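[1] What follows is a predicted protein model with its sequence.
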Amino acid sequence: MQPEELQARISPKLGENLLGVEPFAGTAGRVRFRPAGALELFETVRDDLGFRHLSMVGAIDWVDHREVFYVVWSDDARQYALLSTDLAADAPHVESASGIWPSANWHEREAWEFVGVTFDHHPDLRHLLMPEGYAFHPLLRSFKLHEPEELEVKSRRV
Amino acid sequence: MWINMGPQHPMTHGLWNLRVKIDGETVIDVDPEMGFLHRGIEKISEDRHYNEVITLMDRCCYVAGLAWEHLYILSAEDALHVKPPQRAEYLRVLCDEFQRIGSHIMWYAAFVQDIGLMSPFLYGMRDRDLILDLFQSYTGARLTYEYLRVGGVRSDLPPGFTARAREVLDWLDARFGEYDQLCLGSDIFRKRCDNLGILKASDCVAHGVTGPMLRSAGMKRDLRKDRPYSVYRQLDFDVAVAEGADVTARYLVRMEEMRQSVRILRQVLDWLDQNPGPVLAENLPRWLGAPYAPIGREGYLLKRNYPKGVGFSSVEEPHGEAQAYVVNEGGEHPYRVKFRSPVFANISAARQYLVGYHVADIPPIMGSVDVCVGEVDR
Amino acid sequence: MSTVTLFSVSYDLSTVIARGVASVFPQPIHGWILSSDVVLGFAILFFAIILLAASMINTIMLIWWERKLLGRFMDRRGAMHVGYAGLLQNFADGFKLFRKFTVRPREADSAGFYFGPTAYMATSLIIFGVLPISTGWNGGTLPLTLLLALVIFSFAPLFIFVSAWSSNNKYSLMGGMRSAAQMIAYEVPILLAVVAVVIVAGSFDLTTIVYEQQNYWFWGPLVVALIVFVAGMLAEMERIPFDLPEAEAELVEGWNTEYGGMLFAFFMLADYLRGLVGSFLVVLLFLGGWTLPTWVPSSLTSFPLAGIVIFMVKTYLVFGLFVWVRASLPRVRTDQLLRVGWNRMIPLSLLAIFLAAVLVTVKCLPLFGCVPSPGV
């Protein structure tokens, strides 16, 4: 599958929420989209294009904005594709993919706690690797290493 | 009743907590709690030179350090536009496959211990030690290797290595049959493991489960075949697949994978015998510091004009499909490193394959998942 | 047989010491000390001390034997450093446990927490006391020794359950429950298998049972009963493959999770003591006790304490079998264990009883010879 084919098959569904498809080494291409079209894109990619396997959800803090990228795999095409969207830095949020791909659940929890991206309608958006009540998002560029931090760890009652 | 299986519990094989809700002895809900081993490797990587991140990769998965080094190196080379020489690629595959056998043997040892078989644990450790000795002879370390480099590997094999490696492979090949006799030959083992922890292929795909767990559900998916990286395209091997999607099937898949790895390694060793050559690319940018060159002012100036790039790689690690995403923004450190750990996804589906079974079934099921907490928590 | 018994030895010892002590004192203290009650009392005390020492040393040597055997099965050497071939390693370990501080969880019930291991240990010691090891070595010739031993054996689930429940830990409780269910399930087949032996031997007295085996040992004709008995004993001793109550993988350490130090040592010692006693029973009931087959020339067996030595060699070999099982089998699951117990073991043991009845009726077997007339 080539970027052009991706573009041709996604753009009728997504319209102007599709910002373009770039070539990306080793994958079918990198689909850039507006967060408003997230759910539509996920459904199209999974059902029409056959990318049934969501491998990874990652987030990057670009300081002026934040990027969330999804890596999906198609067993028919034996190829990866990247989906990526830019979110505003002041209130970064995007629709959760965990309704489409259940595997997104933990990846989104991780992206939320490390980069501070909120995933709307996520079933279970709580801390995964950090203790409960941890108030920072460590993978933000503003979080410098070797600085003292205030850390309050709540204990959980069983 | 909720019980905490972990963080200090013999079942966990690492530092994590499986909260289990039980009714009598039946599991009705589970909630894995991770993060006890979180070291912020992705964050630390942002403050390190490209070759210094390799050190962290060994700490990612303590039974498959070289596979993780390979993963990182592939995407770092993508991001930095570096090509390794052919011999280095073969050496990396050598590392990968020995690491796969080592990791699977370690899994076997821990898994049989979980269902109460005591002796095979020691047999497994004994055989894995031979592999660690081999690693020690050419990487200098037994657990944290730091052997791969951006643009190649650190050093070539010592003289006499391939002969010794072939001896080890012959020994291992003979041992796999013994392993099978101890497990598959035992009625109790089959009673414990058949039809246990079933996760069908469709559920595997939906929950992102990969590796031996996916292949045990009858799905022939192996990145070494489907998306050949390094020199896997030149090597002849089969993908291990089993039907049944249960614990026994996972056992079968891993055993077959070890046999296939031996097959791959024989070819790799033959190739290495016949094709001497450099093991590190020669036109590396000096500021990479590869392997030991000091990073001085000159390097700093050169680095500023270096092209930016993004690297994405994916390898078939012993536990499943691992991915790395490395962003090079031109600095001396990577801008962002993101890893996908296969075990992370495999554990996240715990509810799918644990609920409905007995408490006594948890150790074999979680054992068959092959948990390595180092790479989950990173 | 000589008339020297363990009790006569301790009575003599007591008499000698009493005479020595009494010679220092004038009358009437002299007379009091030499009175038969006092001498008898000290004799009983010495008897108990000898038994205790023998049981402890044997238990510890049994642990050593298991460690060495397991080591060999696992392609390693086992304990090597303390003493010759690690013989003293377990004494060192025991001493370490003895010195350790005993921690009781705050929420644990102190009475049950301390009572459980102590009673478990004490009852296990009693069984050791009543079993005859040789002609001269037994705690008394009761007509129902076998029944007494089995009754005390079956006390264990109660004490385990008490200690598990009072440690106030979920794993302990689950282990205690499993232990109780398992022991009760396997109590029945064990008793039925013993009934088969009793039918053939015609007595509940272990000494008599051993003498009944002079023509042939019972393991041959009663092989079904032997299988049931050994499997049941594995379950009673909570050894792999039936060690679910302390299944390490899921229950941490089962019912003794919260125990440490000397209390843990009690459990550990009592477990191995029960292993020892279980092997004793197998030897007594099926392997001819302290006797050897008649075709062995008596010149080979006429060394001092021959009975005890033969008996111990047999016991350690039987325990070696248990260790072998442990080294090569995985653990079963609770429901499988109970299903095997109720659905397989009990029919098998009934079959064993039937076979025993047949044996008594036909009296003579082609390979083994004739049954002695019951109830000599």
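    Now that the structure is in, tell me what you want to look at. Numbering: from 1, shown residues only, chains lettered A, B, ... in the order given.
[2] Is residue C:31 in a helix, a strand, or coil?
    Using DSSP: H, G, I helix; E, B strand; the rest coil, the structure places residue C:31 in helix.
[3] Look up the pLDDT of it for me, please.
    pLDDT, residue C:31: 79.
[4] how close does residue C:344 get to chain A?
    39 Å (Cβ to the nearest Cβ, to the nearest Å). Every C-beta, even on glycine, is put in place using the N, C-alpha and C of the backbone.
[5] And for residue C:77?
    Per Cβ to the nearest Cβ, residue C:77 is found 42 Å from chain A.
[6] what residues are up against the residue nearest to that residue when sequence neighbours are not counted?
    Residue nearest to residue C:77 in three dimensions, not counting chain neighbours: residue C:71, with 5.2 Å by Cβ to Cβ, 6 or more residues apart in numbering or on different chains. If you count contacts by Cβ atoms under 8 Å, 6 or more residues apart in numbering or on different chains, residue C:71 has them with C:77-79.
[7] tell me the pLDDT at residue C:71?
    On the pLDDT scale, residue C:71 gets 89.
[8] on that earlier part again, select only the buried ones of the contacts of residue C:71 in PyMOL?
    With 16 or more other Cβ atoms under 10 Å in any protein chain shown as the criterion, this PyMOL line picks the buried residues out of these:
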select buried, chain C and resi 78+79
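[9] immediately after the strand or helix carrying residue B:93, which helix or strand?
    Taking DSSP states H and E as the criterion, residue B:93 maps to helix B:86-114. Where DSSP H and E defines the elements, the next helix or strand beyond helix B:86-114 is helix B:119-139.
[10] which SS class is residue A:47?
    Residue A:47 ends up helix, using three-state DSSP.
[11] Figure out how far stretch B:63-74 is from the centre of its chain.
    7 Å (Cα atoms, centre = their mean, to the nearest Å).
[12] touching chain A at all, that stretch?
    No - contact of stretch B:63-74 with chain A (Cβ under 8 Å from any Cβ of the partner chain) is absent, the minimum separation being 9.1 Å.
[13] now that stretch: mean pLDDT?
    pLDDT averaged over stretch B:63-74 gives 88.
[14] Quick check: closest non-adjacent residue to residue C:51.
    Residue C:51 sits nearest to residue C:129 (Cβ to Cβ, 6+ apart), 5.2 Å away.
[15] Which strand or helix spans that neighbour?
    Using DSSP H and E, residue C:129 sits in helix C:110-130.
[16] Return the list of helices and strands in contact with that helix.
    The elements that helix C:110-130 packs onto, with contact taken as 3 or more Cβ pairs under 8 Å, 6 or more residues apart in numbering or on different chains; DSSP states H and E, are helix C:36-73, helix C:145-153, helix C:156-166, helix C:261-286.
[17] The residue nearest to residue C:51 contacts residue C:49, correct?
    No - applying Cβ atoms under 8 Å, one finds residue C:129 not in contact with residue C:49, separated by 11.7 Å.
[18] Which single residue in the stretch 1-150 of chain C comes nearest to chain B?
    Taking Cβ to the nearest Cβ as the measure, the stretch 1-150 of chain C has residue C:74 as its residue closest to chain B, at 3.9 Å.
[19] Tell me how many other residues surround that residue.
    18 (other Cβ atoms under 10 Å in any protein chain shown).
[20] What are the neighbouring residues in contact with residue 44?
    Picked chain A for this. So residue A:44 contacts A:9-10, A:13-14 (Cβ under 8 Å, 6+ apart).
[21] Please refer instead to chain B.
    Contacts were defined as Cβ under 8 Å, 6+ apart; by that measure residue B:44 touches A:145, B:56.
[22] what's near enough to touch the closest residue to residue C:64 other than its chain neighbours?
    Once flanking residues are discounted, residue C:64 sits nearest to residue C:90: 5.4 Å by Cβ to Cβ, 6+ apart. Going by Cβ under 8 Å, 6+ apart, residue C:90 touches C:60-61, C:63-64, C:67, C:79.
[23] host element of residue C:90?
    Short version, using DSSP H and E: residue C:90 is in helix C:89-99.
[24] Identify each buried residue in that helix, please.
    Those buried within helix C:89-99 under the rule 16+ other Cβ under 10 Å are C:89-91, C:93-94, C:97.
[25] thinking again about what came up before, list buried residues within the contacts of residue A:44.
    A:10, A:14.
[26] can you pull the pLDDT of the residue in the stretch 51-200 of chain B positioned nearest to chain A?
    Closest residue of the stretch 51-200 of chain B to chain A, Cβ to the nearest Cβ: residue B:78 (6.1 Å). Listed pLDDT for residue B:78 reads 83.
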